[in-house]
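# quick one, what's the 3D model for this:
(chains A, B, C and D)
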4 protein chains.
Amino acid sequence: MTAPLRVLVWNENVHESQGRPASMAHDYPEGIHGAVAQGLAEHLPNALIRTAVLSDPEHGLSEDVLQQTDVLLWWGHAAHDEVADEVAERVQRHVLGGMGLLVLHSGHFAKVFKRLLGTTCSLSWRNDGEREVVWTVDPAHPIAQGVPNPFVIGTQEMYGEPFDVPPPDELVFVSWFSGGEVFRSGATWRRGKGRVFYFSPGDQDYPVYHHPDVRRVLANGVRWAHSPGLERRPLEVTNPQRRWDG
Amino acid sequence: MTAPLRVLVWNENVHESQGRPASMAHDYPEGIHGAVAQGLAEHLPNALIRTAVLSDPEHGLSEDVLQQTDVLLWWGHAAHDEVADEVAERVQRHVLGGMGLLVLHSGHFAKVFKRLLGTTCSLSWRNDGEREVVWTVDPAHPIAQGVPNPFVIGTQEMYGEPFDVPPPDELVFVSWFSGGEVFRSGATWRRGKGRVFYFSPGDQDYPVYHHPDVRRVLANGVRWAHSPGLERRPLEVTNPQRRWDG
Amino acid sequence: MTAPLRVLVWNENVHESQGRPASMAHDYPEGIHGAVAQGLAEHLPNALIRTAVLSDPEHGLSEDVLQQTDVLLWWGHAAHDEVADEVAERVQRHVLGGMGLLVLHSGHFAKVFKRLLGTTCSLSWRNDGEREVVWTVDPAHPIAQGVPNPFVIGTQEMYGEPFDVPPPDELVFVSWFSGGEVFRSGATWRRGKGRVFYFSPGDQDYPVYHHPDVRRVLANGVRWAHSPGLERRPLEVTNPQRRWDG
Amino acid sequence: MTAPLRVLVWNENVHESQGRPASMAHDYPEGIHGAVAQGLAEHLPNALIRTAVLSDPEHGLSEDVLQQTDVLLWWGHAAHDEVADEVAERVQRHVLGGMGLLVLHSGHFAKVFKRLLGTTCSLSWRNDGEREVVWTVDPAHPIAQGVPNPFVIGTQEMYGEPFDVPPPDELVFVSWFSGGEVFRSGATWRRGKGRVFYFSPGDQDYPVYHHPDVRRVLANGVRWAHSPGLERRPLEVTNPQRRWDG
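Numbers count the residues shown, from 1 in each chain, chains lettered A, B, ... in the order given. Take a look at the predicted model:
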């Protein structure tokens, strides 16, 4: 018996609450977090998949909740600044202690992502309903398994280079946009004992999280980011006695 | 007084010799090597720039010539198999000993490139006169200095992912093609004491090596690949006495 | 039902055949391959673990055998040159197609390792019965799970820097030797669709492959190098029609 | 005429001010910053080398000073928390905009280093006057030029693994300590447009910054971290019109 994988899908839930854009009601009746959770459930039937939102107490990210989370997914856009510094620090600490983290789309500007990467995480963008073609550049990567190469998202916001992130440890996907831009749309970084995967497809204006290949990528990402068997605590400074030189 | 940078531009010179395509006579009257050398000279006025071709004795790549070469550029396409294994091994040895190497376009299938990288170096391609937009993804990299982001090559052969190379040490450029593909078009690897830069734009069918931004990239690449002050010999196995533990 | 993991332990078996050193009879009565296989079996009870040696037909590495191998371990020392180029090329092709490869100790000079890495793979060495302390520098890496940090090998051949390999994709272990040297003793590289792990502890003069922590590292390495679900063939050049730009 | 390289050596200057340890007066009569600056001047005779300390207004790190700084060196130990968050953020922003940064020894716990790397930057340590042997693992790296491999620091504080930093972009030095530990003592990371080099040798208790090889490493590091020709501003989000697809 293996313990079930414990996944938490976090969403600021602001577009949903405000009903903007109006298409949200149709595209994401259960919220973006609901659609993401549903997509994960299709591929991870034995996982425990929960959701949390910004307006929850402690944003739904209490110490206890994080202790019970193997992999956290993060979607935010309009309210990055409303995430308490204390909570961002707590999430960072859990990642350094071994929790997996998937940062989605506009989450590139989330406090926790910028804290973990150390850069501005800026990029170029254009909301013009473009075609995105997502190419796998590392076909053997676990996150790319079962994902067609390429797959197409018919209508999308454009995210383009330069993307101000540290050189990824692994570059998995690169996207083409009809307007002429490219983007490193799927990339990984190790931080402390934790694994971080950023995946750019997804926006409040488009039903991207219903796309079957996007859902497969997210499920693969969750499996990849899960590091079983680690004690959930960051590395700490130690002052050992001399003992190894025999 | 600094010794001048010694550059050698190597070309198989087969398309030129055979007059195929016919446009070569117009696009590359001095051969692809001639155009590349001319472009380098614009940016590196103090460098010693020579050329060599497959039909030269030892392909123009004798031990003595390589000893006198700081950075080698390699263009090949139709005659990779005609490069003697002995010469490919010699070039590899010089790279491991500290010589810089720029591999251009269809040189991805050159013996020396495959020997240094260890993979198939395969890719997808389509010769359909497409537009290539070359994006800088590492704006502070020395090879990208002074290069517009992006720059456009109006008519080009498409090279697309997946490109079967080891994960680059540094990814500098990613290209967009009008047909929907993307390509890691500028990437670096360190091998032994030498530096390798692969740059994909360039083809016998198109006058790409006259493009001012391509020329700047190549000149930047030569400067970057040059490692002054190294003794030109690969690392060797040693069997030292115990002496460092005090 | 998951198909069992298929592991092949390859050994040149020359020290064993020649009875040199004499201690082999005591340390490795079943050969180094036998000891390695036994260690893996302790940790991977459901795996199919086979062995092969240089003197077998095709060195025991026929196309059919490799097709049936998920992860290959390679030990060689005195007879690297006796491995047929054709077989080294075949093993390389299978790695590029997705087979895992663990290269052990003096295997750093194996043809297949040098072909995959592209460098001299040289290092410094001294056979003086030194103490080796193996430190984990990436505590969350799957290969380090359950491995004490550090662990000690009481008596060992020294392998020291500089180790002429490409920068590893992941550095897992660094060793300390009592004579004053250090060594990147556990490192990984991705090549094509395959994963390569080099682990230096192990020598014909010392019973290192009976060390419980070494055995755990090798078993972890096998699990890590296994890429299930890949079609076993290297990437190939393709010439697709235009179809993705909509 | 090239503009002179502008270097700023920053030191918290707390041990010096407090006269602890008493050996500071003998080892570092001009402060650690003074010794570092003197060492740089030996190798960089044309550079403009200045110093600043914690007690200066704005810690000597005003916007104007940083604008006039190509490469900053950072030494801190006892007073990391006394560095204003605003100043740490400012230094981070200048690094992302292209300023080079060398972080020295106990500076691994500096706010700016942790902000740039995103991890705890913890390690093990023991102040027992041990021998440190510094090995070059990347002999062709510019920071290693002219540096003996290895070089020995006779008496040092031990810094040991695991060092909780992201995987370095380049690993240049690995140290051996007589007590049995190893440490990745010289490593680089790119962040935004800036380059970061961490070098561990150096402590208030030992005259390490008078060691000729340490001085050479620091001077090489300054040269390497300098990125001439960049506009000093971090990358920013942009919202371009569609214009590249022809």
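# what does chain A have sitting close to chain B?
If contacts are counted using Cβ under 8 Å from any Cβ of the partner chain, the residues of chain A sitting beside chain B are A:133, A:135-139, A:149-150, A:160-163, A:167, A:170-171, A:174-177, A:180-182, A:184. Just so you know, the C-beta spots here come from the backbone N, C-alpha and C atoms, and that holds for glycine as well.
# how about a cut-off of 7 Å?
Within chain A, the positions adjacent to chain B are A:133, A:135-137, A:139, A:149, A:161-162, A:170-171, A:174, A:176, A:180-182, A:184 by Cβ under 7 Å from any Cβ of the partner chain.
# need the strands for chain A, in chain order.
Listed from the start of the chain, chain A has strands (DSSP state E) covering A:6-11, A:48-53, A:71-75, A:100-104, A:124-136, A:151-160, A:170-177, A:182-191, A:194-199.
# need the ones you listed in CSV (columns: mean pLDDT and distance to residue D:61).
Formatted as CSV, the entries for the strands of chain A read as follows, by pLDDT from 0 to 100; distance: least, Cβ to Cβ, whole Å:
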stretch, mean pLDDT, distance to residue D:61
strand A:6-11, 98, 36
strand A:48-53, 98, 39
strand A:71-75, 98, 33
strand A:100-104, 98, 31
strand A:124-136, 98, 31
strand A:151-160, 97, 34
strand A:170-177, 98, 35
strand A:182-191, 98, 27
strand A:194-199, 98, 30
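# ok so, going back, just the buried ones out of the residues of chain A next to chain B, please.
Buried by 16 or more other Cβ atoms under 10 Å in any protein chain shown: A:133, A:135-137, A:139, A:161-162, A:170-171, A:174, A:176, A:180-182, A:184, out of those.
# and these near chain C, which?
Filtering these for proximity to chain C by Cβ under 7 Å from any Cβ leaves A:133, A:139.
# between the buried ones among the residues of chain A next to chain B, which is nearest chain D?
Ranked by distance to chain D (Cβ to the nearest Cβ), these are led by residue A:180 at 3.0 Å.
# find the nearest non-adjacent residue to that closest one, please.
residue D:244 (3.0 Å; Cβ to Cβ, 6 or more residues apart in numbering or on different chains).
# kindly report the residues of chain A close to chain D.
Neighbours of chain D within chain A, by Cβ under 7 Å from any Cβ: A:96, A:115-120, A:122-126, A:128, A:162, A:164, A:166-167, A:169, A:178-181, A:189-192, A:234-240, A:242, A:244-245.
# just the buried residues from the residues you listed, in PyMOL please.
The following PyMOL line selects those of those that are buried, judged by 16+ other Cβ under 10 Å:
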select buried, chain A and resi 96+115+116+117+118+119+120+122+123+124+125+126+162+164+166+167+169+178+179+180+181+189+190+191+192+234+235+244+245
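# in helices, which of the residues of chain A next to chain D appear?
Using DSSP state H to define helices, the subset of the residues of chain A next to chain D located there is A:96, A:115, A:116, A:117.
# now these as CSV including pLDDT and distance to residue A:66?
CSV is the format used below for these (pLDDT from 0 to 100; distance: Cβ to Cβ, whole Å):
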residue, pLDDT, distance to residue A:66
A:96, 98, 12
A:115, 98, 15
A:116, 98, 15
A:117, 98, 19
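# relative to chain D, which of those is nearest.
residue A:116 (4.2 Å).
# any idea how far the nearest residue to that closest one once chain neighbours are set aside lies from residue A:243?
Once flanking residues are discounted, residue A:116 sits nearest to residue D:118: 4.2 Å by Cβ to Cβ, 6+ apart. Relative to residue A:243, residue D:118 is positioned 31 Å away (criterion: Cβ to Cβ, to the nearest Å).
# run the chain-centre distance for stretch A:187-205.
In this view, stretch A:187-205 has its centroid 4 Å away from the chain centroid, taken as Cα atoms, centre = their mean, to the nearest Å.
# stretch A:204-223 now?
Its chain's C-alpha centre lies 11 Å from the corresponding centre of stretch A:204-223 when counted by Cα atoms, centre = their mean.
# in it, what counts as buried?
Counting neighbours by 16+ other Cβ under 10 Å, one finds that the buried residues in stretch A:204-223 are A:204-209, A:211, A:213-223.
# and for stretch A:59-67?
Taking 16+ other Cβ under 10 Å as the criterion, stretch A:59-67 shows A:59, A:60, A:61, A:65, A:66 as buried.
# got the contact list for the fourth one?
Right, the one you point to is residue A:65. Taking Cβ atoms under 7 Å, 6 or more residues apart in numbering or on different chains as the definition of contact, the neighbours of residue A:65 are A:8, A:52.
# swap in the one 3 residues further on?
Residues near residue A:68 by Cβ under 7 Å, 6+ apart: residue A:6.
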